[in-house]
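Trainee: Okay, predicted coordinates and the sequence, questions at the end:
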Amino acid sequence: MVLHAEEKRRIGRAAAGLVKENMAVFIGNGSTTMEIVRHLDPVKPFKAFTNGLTHAMELADLTPLDLSVIGGDLRWKSYAMVGPLAKRALEGVYFDLVFLGVDGISLEHGLTIPSLNEAETARYIMMAGRKTVIVADHSKFGKVTHGKIANIEEVDQIITDDGGDEEYMERLAGLNVELIMA
């Protein structure tokens, strides 16, 4: 939460601006996605879904919000609900917008997080979304962690800060993914 805090706040603010009235929005767990939650318009009605227990607590304070918390197996380190029960809870659910955080964005290896169970759940969530937006500060670029979520080309947008390597960002933009600098 303290690493790159200002960058995460800017990214969260930019991402929250994508949420429109009456959308069905999934917000994954993580410190950058928490900044989305903190920057949501408190009077804009929309349907929120999350598998992050800490996110659910914050989202519960938004008055016009219709909130669904996805159950599953608790991943103690991230407080995310993952695994077969989470997958089952998502069957037949569709999202207008999916926000996911990642630990690594690699041109060669795609989007990754440290947990295989969490990566599989995130992949399933992506498949249920009309539009997927990755939120990640510049420190995540060029890194690879244990569990692959998807290839970069499978997402619609990446919202990041302007602290990343310019050449890397140009190569990333060449993959037909919209980059938004916050």
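Mentor: On my side now, so go ahead.
Trainee: ok, and what's touching the lowest-mean-pLDDT helix or strand in the chain?
Mentor: One helix or strand of the chain scores below all others by mean pLDDT, DSSP states H and E: helix 166-173, with a mean of 85. Contacts of helix 166-173 with the rest of the structure, by CB atoms under 8 Å, 6 or more residues apart in numbering, involve Ile105, Leu107, Phe141, Gly142, Ile152, Ile158, Leu179. Glycine gets a C-beta too; all of them are placed from N, C-alpha and C.
Trainee: Buried ones in that helix, by neighbour count?
Mentor: By neighbour count on 16 or more other CB atoms under 10 Å, the buried set for helix 166-173 is Met169, Leu172.
Trainee: ok, now how distant is the closest residue to Ser139 other than its chain neighbours from Gly163?
Mentor: Residue nearest to Ser139 in three dimensions, not counting chain neighbours: His4, with 5.9 Å by CB to CB, 6 or more residues apart in numbering. His4 is 8 Å from Gly163, where distance means CB to CB, to the nearest Å.
Trainee: And the two? Which one has more around it.
Mentor: Set His4 next to Gly163 and count neighbours by other CB atoms under 10 Å: His4 wins out with 19 against 12.
Trainee: who are the neighbours in contact with the more buried one?
Mentor: Contacts for His4 were tallied using CB under 8 Å, 6+ apart; they are Asp137, His138, Ser139, Asp161, Gly163.
Trainee: Assign a three-state SS to the third one, would you?
Mentor: So that's Ser139. Recorded secondary structure, Ser139: helix (DSSP: H, G, I helix; E, B strand; the rest coil).
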